[in-house]
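Q: how would this look folded up:
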Amino acid sequence: MIRTLVVFATCCLLSHSAIADNWAQWRGPALNGVAVGTGFPIKWSQTENVQWKVPMPGRGASTPIVWEDRIFLTCGIEGKNTVLCYDRAGKELWRTAAGDERAGKHKKGSGSNPSTSTDGKHVFAYFKSGDLTCLDYEGKVVWHHQLSYDPESLWWDLGSSPVLTRDYVVVAVMVTGPSYVVAFDKATGKQAWKEAREVPAPVEAAQSYSTPAVVTDADGKETIYVLGADYVTAHDAKDGKELWRVGSLNPDQDGYFRSICSPVVSDGIVIAPYARGKTITAIRTGGSGDVTKSHVLWTKDGLGADVPTPIALDGKVYVCTDGGELACLDIQTGKELWRYEVEKNRNKFTPSPILADGKLYLTREDGTTFVVVPGDKLNVLATNEVNEFTVATPVFVDHQILLRTYEHLYCIGK
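A: This next block holds a predicted model:
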């Protein structure tokens, strides 16, 4: 009865107010880990402040995305890659299969690690099997491609999510063997361009699980920034041509420096975590060709993240390490403004941090989320536990938090 009343109230709220905030891609509205809006919950548990939760019908680690009254995510169901759509009250609207599942190798992985993306008309989903599919909002397949790469060449599980430009959906394929960045027309699926990404990275270091960042400058020009295989490359979104590159982020040619966390861009600077969480490199955007000597602003050793992607905003970089250290750096100089350990624990921080309403939300694999006020002293407002294995990054829209665990999708709200 309580759930029925909550669902009714949620439906009334959604039908009588404009839904201003969307979370159309993995790292949020600006691909920087920063939520729009205020009034998000600070405290919750498996029952407290849970407006609804639904069981997940299959294994998957993709972060949900939201467009107005719909939620999209992926998982494997009965051996098939599957896209799921829910309404904002947690009711499943449809599910669509998109090729045969290629199961995950790692306990944190699955065949459905990449998050979907949407332009408000179509949903784009990419899977470890190489299937890239476009669906309409009724779950019908608009177009489908099988991308050229060998899933078995990956030592672990595919993690790179599709990203959107004005005209295209873009995927970075960085594997041992031919690597490339490819773009398809969002409406028709016609290949717009394909740019080889040839870099001399050794062995496993040639593999990347990161997601590109798309940035539009003041003149409306879109640039795609790709981190992986020991290099950062910048590409013109219109034709994919490489504009510049910085490398090697692996000067000693360590064969095992595969990259997982993604680049983040702010203040005209690309932040590139690397070396399995041992370094962060800041690169000034612009230039042409190899700009390693001219455009690297700073490199910080001994601090970084292997899996969680940092946040960059207003001249600061917020880093949550896999072990639970939280640090803030000046984006121009790399100066460490503050650093502390949130809590000692054997569980890692795999989900990426989110900055929402002036607070940092840090989610650990055991389903614990710390709400921290950023500053030079540790100030934890709340420690929230759902006690379920969690690797997906939480999503913040319309005063609600969507938290996906391996067992459930939670909608958390006051």
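
Q: can you map out the helices along the chain?
A: 2-16, 292-295 (DSSP state H).

Q: hey, least reliable of those by pLDDT?
A: Per-stretch mean pLDDT for the helices of the chain is lowest at helix 2-16 (a mean of 37).

Q: what about the stretch 101-250 of the chain, any weak spots by pLDDT?
A: Along the stretch 101-250 of the chain, no part satisfies pLDDT under 70.

Q: mind listing the strands for it?
A: 117-118, 122-126, 131-136, 141-146, 163-164, 168-173, 180-185, 191-196, 213-216, 222-228, 231-236, 242-247 (DSSP state E, counting those that start in this stretch).

Q: which one of these lies closest to D398?
A: strand 117-118 (16.0 Å; C-beta to C-beta). Backbone N, C-alpha and C define where each C-beta goes, glycine included.

Q: what's the closest one packed up against?
A: strand 65-67, strand 122-126 (3 or more C-beta pairs under 8 Å, 6 or more residues apart in numbering; DSSP states H and E).

Q: let me know which of the ones you listed is tucked in deepest.
A: strand 122-126 (a mean of 26; mean count of other C-beta atoms under 10 Å).

Q: okay, now the sheet partners of that one, with direction.
A: Sheet pairing for strand 122-126, assigned by DSSP bridges, gives strand 117-118 (antiparallel), strand 131-136 (antiparallel).

Q: TSV for the ones you listed, including mean neighbour count and distance to I280?
A: Listed next are the strands paired with strand 122-126 as TSV, based on neighbours: other C-beta atoms under 10 Å; distance: least, C-beta to C-beta, whole Å:
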stretch	mean neighbour count	distance to I280
strand 117-118	24	26
strand 131-136	22	31
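
Q: with distance to V226 as added columns, please give these in a markdown table.
A: Shown next, in a markdown table, are the strands paired with strand 122-126 (distance: least, C-beta to C-beta, whole Å):
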| stretch | distance to V226 |
| --- | --- |
| strand 117-118 | 16 |
| strand 131-136 | 17 |
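
Q: can you say which of the ones you listed is nearest to N379?
A: strand 117-118 (34.2 Å).

Q: next, L158: phi, psi?
A: Per-residue torsions, L158: phi -50, psi 140 (degrees, to the nearest 10).

Q: correct me if wrong: it contacts P114.
A: Yes. Applying C-beta atoms under 8 Å, one finds L158 in contact with P114, separated by 6.3 Å.

Q: shared neighbours, those two?
A: 126-127 (C-beta atoms under 8 Å, 6 or more residues apart in numbering).

Q: bridged to A282, which residues?
A: I271, W298.

Q: my guess is it contacts W298, does it?
A: Yes. Using C-beta under 8 Å as the test, A282 is close enough to W298 to be in contact (5.1 Å).

Q: those two: who's more crowded?
A: Set side by side, A282 and W298 show more neighbours around A282, with 23 against 16, by other C-beta atoms under 10 Å.

Q: give the contact list for S352.
A: Contacts of S352 (C-beta under 8 Å, 6+ apart): 27, 33, 261, 307-310, 320, 393.

Q: export those to JSON lines and tack on pLDDT and distance to L326?
A: Output for the contacts of S352, formatted as JSON lines (pLDDT from 0 to 100; distance: C-beta to C-beta, whole Å):
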{"residue": "R27", "pLDDT": "95", "distance to L326": "18"}
{"residue": "G33", "pLDDT": "96", "distance to L326": "13"}
{"residue": "C261", "pLDDT": "95", "distance to L326": "15"}
{"residue": "V307", "pLDDT": "96", "distance to L326": "15"}
{"residue": "P308", "pLDDT": "97", "distance to L326": "10"}
{"residue": "T309", "pLDDT": "98", "distance to L326": "14"}
{"residue": "P310", "pLDDT": "98", "distance to L326": "11"}
{"residue": "C320", "pLDDT": "98", "distance to L326": "6"}
{"residue": "T393", "pLDDT": "97", "distance to L326": "16"}
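
Q: so which of the residues you listed are in strands?
A: Per DSSP state E, strands hold the following members of those: C320.

Q: closest one to R102 out of the contacts of S352, please.
A: Checking the contacts of S352 against R102 by C-beta to C-beta gives V307 as the nearest, at 20.7 Å.

Q: quick check: closest non-adjacent residue to C320.
A: Closest residue to C320 apart from its sequence neighbours, by C-beta to C-beta, 6 or more residues apart in numbering: P353 at 4.4 Å.

Q: residues near the one you found, how many?
A: With other C-beta under 10 Å as criterion, P353 counts 24.

Q: and for K348?
A: Around K348 there are 18 residues (other C-beta under 10 Å).

Q: I'd say it and D366 touch.
A: No. Under the criterion of C-beta under 8 Å, K348 is not in contact with D366, lying 9.2 Å apart.

Q: picking up where we left off before, got JSON lines for the helices and strands packed on strand 117-118, with distance to P251 too?
A: Conversion of these to JSON lines gives the following (distance: least, C-beta to C-beta, whole Å):
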{"stretch": "strand 65-67", "distance to P251": "37"}
{"stretch": "strand 122-126", "distance to P251": "32"}
